[in-house]
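[1] Next come a sequence and a model predicted from it.
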Amino acid sequence: MSNKLDGVLVVNKEKGMTSRDVVNEICKIFKTKKVGHTGTLDPLAEGVLVITIGNATKIGELLTSEYKEYIAGVLLGIKTDTYDIEGKVIDNKLVYDNLNIEKTISSYKKTYMQEVPIYSAVKVNGKKLYEYARNNEEVELPKKKVTIKKIELLSTDRCEFMFKALVSKGCYIRSLINDIGKSLNTYATMTKLTRTKQGKFTIEEAYTLDDIKNGKYKLYSIDEALDYPVIEIENDLYKKISNGVKIKNEFNIRDKVIFKYKDKILGIYEKDKDMLKTWKNFNVNYN
């Protein structure tokens, strides 16, 4: 395969792999080191992992700013140190009959300050939270504003249930489940997690690593992956844009725009008052 590929690949990550494991596999398949991923999935989780290759690694933050959809499994009555079933059980609590799980879940359709789980890579004072946990060190857990845009109960069986949620960037489903447990006056632990959607990409469009190894995949171009206007420029603008020069916003752009030249992406510009300035340059040289 070519080592000059640029694009976005939607992988259906299998349980047991880290997101880095998937990146390493893609590096081998496409024979390139220029590979990244957006929106980390824990080894317990499966589903949509958006992979960027070549110049597409420059647009990772645009792909992670979107909402993500998950289907999660929950076990009531036990608490683990990681908030998921693979962690160490640290407490048990009675699960009362006739819990109104559906009503409680619906109450989380809101924006709130969510406490970050200690088993996460978020840094406090330059050190990752999971490092504090492994060293049994006390640390005040930070809180982040998250939005649960949609949430619905899918099934329930007394001590277990499944739900689907559409959440903002930075939301931890493990923490959401932990919070739901508190609202139910018990403990709640995540048993399974599948990311079914990230931004515009759904699990129906995702390919397994085996699919990709066998040549069955779709590589989305940068302009296909992003929902921004695309403008094919003429020679007079080529030099300015390739050199990152500010230009007048004669195109009525409200956010960002993708400029192409001879059908190749030259750069992404963004609105700056009545001008457009470089957001990312892709260093395409036609000389």
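    Right, received. Where do you want to start?
[2] Kindly state the domain boundaries assigned to this protein.
    7-66+200-223, 68-190, 228-281 (automatic domain parsing).
[3] Highest mean neighbour count out of those domains?
    Mean neighbours per residue, mean count of other CB atoms under 10 Å, is largest over the domains of the chain for domain 7-66+200-223, with a mean of 18. Heads up, the C-betas are built off the backbone N, CA and C, glycines and all.
[4] circling back: so can I have a markdown table of the domains of the chain showing mean pLDDT?
    Compiled in a markdown table, the domains of the chain are given as follows (pLDDT from 0 to 100):
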| stretch | mean pLDDT |
| --- | --- |
| domain 7-66+200-223 | 95 |
| domain 68-190 | 95 |
| domain 228-281 | 94 |
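[5] Residue 20 in helix, strand or coil?
    Three-state call for residue 20 (DSSP: H, G, I helix; E, B strand; the rest coil): helix.
[6] For it, give me its contacts.
    Going by CB atoms under 8 Å, 6 or more residues apart in numbering, residue 20 touches residue 37.
[7] so after the longest strand anywhere in the chain, what's the next helix or strand?
    Taking DSSP state E as the criterion, the chain has its longest strand at strand 143-157. Counting by DSSP states H and E, the next helix or strand C-terminal to strand 143-157 is strand 160-167.
[8] ranges for the strands of the stretch 1-150 of the chain?
    Along the stretch 1-150 of the chain, counting by DSSP state E, counting those that start in this stretch, strands occupy 7-13, 35-38, 45-53, 68-76, 78-80, 89-92, 111-115, 123-124, 127-128, 143-157.
[9] any chance of these in CSV, plus distance to residue 231?
    Output for the strands of the stretch 1-150 of the chain, formatted as CSV (distance: least, CB to CB, whole Å):
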stretch, distance to residue 231
strand 7-13, 20
strand 35-38, 25
strand 45-53, 22
strand 68-76, 30
strand 78-80, 51
strand 89-92, 56
strand 111-115, 35
strand 123-124, 39
strand 127-128, 42
strand 143-157, 31
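[10] between the ones you listed, which gets nearest to residue 232?
    strand 7-13 (18.9 Å; CB to CB).
[11] Please name every helix or strand in contact with the closest one.
    In terms of contacts (3 or more CB pairs under 8 Å, 6 or more residues apart in numbering; DSSP states H and E), strand 7-13 is packed against helix 19-30, strand 45-53, helix 209-213, strand 219-220, helix 222-225.
[12] ok, now with 6 Å
    Using 3 or more CB pairs under 6 Å, 6 or more residues apart in numbering; DSSP states H and E as the contact test, the elements touching strand 7-13 are strand 45-53, strand 219-220.
[13] Report whether the expected contact of residue 184 with residue 99 is present.
    Yes: Residue 184 is in contact with residue 99 according to CB atoms under 6 Å; the separation is 5.5 Å.
[14] ends of stretch 114-127, how far apart?
    This stretch, stretch 114-127, spans 20 Å end to end (CA to CA, to the nearest Å).
[15] Oops, could you answer that again for stretch 269-279 instead?
    End-to-end distance for stretch 269-279: 5 Å, by CA to CA.
[16] The stretch 151-287 of the chain: strands as residue ranges?
    Ranges of strands in the stretch 151-287 of the chain, per DSSP E, counting those that start in this stretch, are 160-167, 188-198, 201-202, 219-220, 230-232, 247-248, 256-261, 264-272, 275-281.
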